[in-house]
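> pasting the sequence and the predicted coordinates here, then a few questions.
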Amino acid sequence: MLIALLLGMNMPWTAITAALDLIVLDFKDAGPCLDKVSYSLLIFFCGMFITVDGFNKTGITNTLWEFVEPYERVDSASGIAVLAVVVLVLSNLASNVPTVLLLGARVAASAAMISAADEKKAWLILAWVSTIAGNLSLLGSAAKLIVCEQARRAPNLGYTLTFWNHLKFGIPSTFIVTAIGLTLIR
């Protein structure tokens with residue numbers, strides 16, 4: 001699958017083909033594997049993407065972007081800070097994947113009006129901050145939701161990580177690592 005992706009092949013079809021190949025080559029009953037699927041998380045993600053698409057169609061995102069866009073120019077430190085704060089907040093309200101889906105094209109188009117180098121820089125900032133923003137709260141990262149769900153369901157552990165317990169570590173780590181990364185992006 002990695003080779004197909006590196007060759008530039010279509011990502012969704014590559015993933016589906018790899019999954020089907022593994023199913024065919026395994027020759028085992030799929031029941032035990034399907035028992036491990038977290039259907040609540042699948043429903044959560046389906047709902048999240050439907051909600052993001054619906055929210056995007058309301059026009060609210062365009063209105064908010066028109067308000068923020070003049071302040072988030074990636075050719076200045078204050079603009080980078082504004083963009084980082086917007087991405088941090090949205091990533092923790094809607095999770096990082098929907099944030100990138102909502103902002104990606106807008107951020108790139110805004111930066112492209114400055115220069116091609118700034119467009120690349122904007123994508124790097126969006127990628128960096130949305131990734132690190134996932135450390136702030138439980139909602140900030142899809143991977144973290146999966147880990148929390150698996151820890152809660154683990155037969156020998158049954159650990160439930162609360163929102164507030166996570167914030168104790170999430171707040172300092174997010175702000176420190178985000179600041180360090182932003183200084184390295186040129």
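Structure's in. What do you need? Numbers count the residues shown, from 1 in each chain.
> avg pLDDT for stretch 67-86?
Stretch 67-86 shows a mean pLDDT of 92.
> residues contacting it, please?
Contacting residues not belonging to stretch 67-86 are listed as 103, 106-107, 110-111, 114-115, 118, 121-122, 125-126, 129, 178, 182 [CB atoms under 8 Å, 6 or more residues apart in numbering]. For the C-beta atoms, the positions are set from N, CA and C on the backbone; glycine is no exception.
> go again with 10 Å.
Applying CB atoms under 10 Å, 6 or more residues apart in numbering, the external contacts of stretch 67-86 come out as 64-65, 87, 99, 103, 106-107, 109-111, 113-115, 117-126, 128-130, 132-133, 175, 178-179, 181-183, 185.
> what residues sit buried inside that stretch?
Across stretch 67-86, burial judged by 16 or more other CB atoms under 10 Å covers 68-69, 72-74, 79-80, 82-84, 86.
> need the max-distance pair from the residues you listed.
69 and 84 (14.8 Å; CB to CB).
> just the element for residue 93, please.
helix 77-94 (DSSP states H and E).
> with residue 182 instead?
Short version, using DSSP H and E: residue 182 is in helix 163-184.
> swap in residue 130?
Per DSSP H and E: residue 130 is located in helix 116-133.
> that helix versus helix 77-94: what angle between them?
40 degrees (axes from the mean of the first three to the mean of the last three CA atoms, to 10 degrees).
> following helix 116-133, which helix or strand shows up next?
Following helix 116-133 in sequence, per DSSP H and E, is helix 142-153.
> show me what that following helix is packed against.
Helices and strands touching helix 142-153, by 3 or more CB pairs under 10 Å, 6 or more residues apart in numbering; DSSP states H and E, are helix 39-57, helix 96-112, helix 163-184.
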